[in-house]
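> Build me a model:
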Amino acid sequence: MNKSLNLFYILMLVFSSNLYAHEVKQTTFAFWDKPDVNLFYKLPKNINSNTKVLFIIHGQSRNADSYIDHWVSLAEEENVILVAPHFKRSDYRYFFLLETANSNGVINKNESGYLTNSIDTFFSFFKNKYKLDANKYSMFGHSAGGQFSHRYLMLSNNPKIDKAVFANPGWYTFLAGARYPYGIKDIPVTISDEGIKNFLSMRNTLMLGSKDTGSTSLNTSPGAMKQGVNRLTRGNNYFDSLIETTKENDIPFRWNYQLVEGVDHDFRKMSDAAAKILL
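This next block holds a predicted model:
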């Protein structure tokens, strides 16, 4: 009898561990003049007037499926549609720069390929498909996804963002100083004073792991190294620069800063912390 019970519990455990993966759906977004993007998504148990939308942006490993599987476990009882776009390396090599430039700073002159306003386009797709009342979405991006997210909200035209968490970005586009993509000098997208004000007034959170001080996959170009020797230092320097910008220009600053103690470059642990803000 005990052996039978043990077998039952083992089977239930295996079934439960795979349950989340079976709930994730996938669709290919092709209704634009850019390469197709696969969208992994998870619907809540019921869709109603209170249903929200959360976009989850993968890192350089492009493992959107792993990201959303973890977030499904965090949002099991939440009334939220989870969406994880997969930017294929072959089509979107520099997705973290919104395809506006390459890592050497060479500007992409084909503006039709830019990923500015891409998330808003995906949001409109889900809003129309499921007749959602929500007019805004939230966003989580880790590592290269954090790079994508902060540049997206900076460079897009009036993004419909409610709140966002940028976790452990490798490097940043500062609002002053350096040439793009390390700063906004000679930037290929027009940023108005009002756009900068809106960016700094958003309910964003810069989230850094206290142990994210390694050099694995770290951008070590001269421009990036000027931002700091590791991700933690770069994040602190970036946040401090935003504070200085708001002070100098008398702009309301609504960002939050959160240090996640004992965590390195781990998207799951950073997701756990971000879920407390975004869910």
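> tell me the contacts of residue 215?
residue 230 (CB atoms under 8 Å, 6 or more residues apart in numbering). Where you see a C-beta, it was placed from the backbone N, CA and C, and this is true even at glycine.
> element containing it?
Using DSSP states H and E, residue 215 sits within no helix or strand.
> Let me know the distance separating it from residue 146.
Counting by CB to CB, to the nearest Å, the gap from residue 215 to residue 146 is 17 Å.
> who's in contact with the residue positioned nearest the centre of the chain?
Of all residues in the chain, the one closest to the mean position by CA atoms, centre = their mean is residue 141, 2.1 Å from it. Counting by CB under 8 Å, 6+ apart, residue 141 touches 56, 57, 147, 148, 149, 150, 164, 165, 166, 167, 169.
> These in helices, which ones?
147, 148, 149, 150 (DSSP state H).
> Most neighbours of all these, which one?
Neighbour tally across the ones in helices among the contacts of residue 141 (other CB atoms under 10 Å): the maximum, 29 neighbours, falls on residue 148.
> Now do the same for residue 105: its pLDDT.
pLDDT, residue 105: 88.
> Just give the number of residues close to the residue nearest to residue 115 when sequence neighbours are not counted.
Spatial nearest neighbour of residue 115, chain neighbours left out: residue 98 (4.2 Å); criterion: CB to CB, 6 or more residues apart in numbering. The burial count assigned to residue 98 is 26, neighbours taken as other CB under 10 Å.
> who's in contact with residue 98?
114, 115, 116, 118, 148, 151, 152, 155.
> Which residue, other than its chain neighbours, is closest to residue 274?
Leaving aside its sequence neighbours, residue 274 sits nearest to residue 165 (CB to CB, 6+ apart; 4.2 Å).
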